[in-house]
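**Student:** Make a model of this:
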Amino acid sequence: MSPTQQDTLTRAQRVRLRRQQTQAKPKRTPRSRKKVVTPPVETPPVVVSRYGVVSGAAVQSATSVRRQVRVARQKNTEVVASVPWLSLGQRWVSLGVSAFVFALLLALWYAPLFRVDVPEVQGVHYLEAGRVADALPVRNRPIFALSPQELADTLLRFPAVAHADVRLAFPNRVIVTVTERAPVLVWQTTRRNWWVDSEGVAFVPVTEEMPENALVVKASDLPPDAAEVRPGVMQVLTPAQITSLRALSNYVPAGTPLVFNPRYGIGWQAKEGWQVYVGQSLEEMDKRMALYQAIARWLTAQNVHPALVNIASLRAPYYRMEP
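**Tutor:** Numbering: from 1, shown residues only. Okay, the predicted model is just below:
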């Protein structure tokens with residue numbers, strides 16, 4: 001409307017015109033934080049035919065299918081058959097491996113091929129091999145269940161065994177190597193006899209037969225300082241004392257047994273008729289025997305027949321006319 005026309009309008013018409021112009025203007029709304037709306041993902045509809053799923057969300061992707069057989073029907077291509085890839089997780093693989101290992105161990109445990117029959121015993125001289133084999137709990141047991149160290153400790157229960165070595169050989173062999181104590185001395189007491197090796201260790205005899213080339217010591221009991229090592233095994237002498245006794249055997253007539261007196265020590269019955277004692281320490285045996293031979297020659301020359309000659313002390317030897 002031009003200004004000329006507005007001048008010709010009445011007051012009421014002007015008010016009405018102003019109201020119309022005010023209503024025609026768009027209202028200003030306060031600013032608000034715009035929200036980002038993600039448009040919904042349109043899922044294609046699932047189309048199913050009598051030959052299978054043709055299209056839609058249920059259709060397998062090409063990466064998850066090993067092989068697909070497609071048939072063209074009019075304008076569409078239908079999937080008739082497909083073989084999906086088998087995707088196994090790590091848990092299923094671990095479960096399969098565990099089951100295989102368990103089945104393998106079970107088969108090895110009960111397999112007759114790995115069960116021990118009779119152990120092979122080597123190195124025995126006084127002990128019987130069958131007795132040693134019977135002491136080992138290995139028969140009809142799988143070789144995987146055996147411990148060589150435990151078997152060796154079992155053999156140490158024999159007093160005559162100084163060391164034992166056990167080896168396992170597949171499929172079912174147990175090889176035992178025994179090191180026996182070699183007796184060099186027989187200590188005879190009123191209650192029992194003891195075999196003594198070169199280390200001075202006394203143990204229960206294995207047989208009733210006397211060991212070859214072994215010295216014999218007759219005594220009422222063991223030496224006072226004897227100590228028990230384990231049941232059936234005693235430490236009665238030192239290695240040095242055993243060496244001295246073996247050196248003493250070179251001066252004693254063959255077949256003459258030695259005696260042990262708690263007061264005088266080791267001695268023997270001389271061919272002249274008196275008792276000879278060399279003490280308990282048994283040190284410097286060569287010097288003691290040289291001293292005794294000199295005393296024996298003097299006693300024979302003087303026609304003296306004592307009951308006892310004691311050379312325990314190199315500086316103060318003596319003889320007694322009475323026992």
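**Student:** what about the stretch 51-200 of the chain, any weak spots by pLDDT?
**Tutor:** Applying pLDDT under 70 to the stretch 51-200 of the chain flags the ranges 51-88.
**Student:** Report how many residues lie close to the closest residue to Pro223 other than its chain neighbours.
**Tutor:** Nearest residue to Pro223, sequence neighbours excluded (C-beta to C-beta, 6 or more residues apart in numbering): Val236, at 5.5 Å. Any C-beta I mention is one placed from the backbone N, CA and C, and that applies to glycine too. Look at Val236: counted by other C-beta atoms under 10 Å, it has 21 neighbours.
**Student:** so how far is Leu185 from Val236?
**Tutor:** 9 Å (C-beta to C-beta, to the nearest Å).
**Student:** Check Gly273 too.
**Tutor:** 26 Å.
**Student:** which one of those two has more residues nearby?
**Tutor:** The residue with more neighbours, out of Gly273 and Leu185, is Leu185; 24 against 9, by other C-beta under 10 Å.
**Student:** Please name the residues that touch that one.
**Tutor:** Residues near Leu185 by C-beta atoms under 8 Å, 6 or more residues apart in numbering: Trp195, Val196, Ala214, Leu215, Val216, Val217, Leu237, Ile242, Leu245.
**Student:** Looking at these, state which has the most neighbours.
**Tutor:** Most surrounded of the contacts of Leu185: other C-beta under 10 Å gives Leu237, at 28 neighbours.
**Student:** Next, count neighbours for the spatially closest residue to that residue that is not a sequence neighbour.
**Tutor:** Distance criterion C-beta to C-beta, 6+ apart; nearest residue to Leu237, sequence neighbours excluded, is Gly200 at 3.6 Å. Gly200 has 21 neighbours, counted by other C-beta under 10 Å.
**Student:** I'd say Gly200 and Val233 touch.
**Tutor:** No: in this structure, Gly200 is not within contact of Val233 by C-beta atoms under 8 Å, at 11.4 Å.
**Student:** Quick check: the residue nearest to Pro223 vs Val229, distance?
**Tutor:** To Val229, Val236 is 10 Å away according to C-beta to C-beta.
**Student:** follow-up on the earlier one: reformat the contacts of Leu185 as TSV; add distance to Ala129.
**Tutor:** Shown next, in TSV, are the contacts of Leu185 (distance: C-beta to C-beta, whole Å):
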residue	distance to Ala129
Trp195	19
Val196	24
Ala214	23
Leu215	28
Val216	28
Val217	31
Leu237	30
Ile242	28
Leu245	32
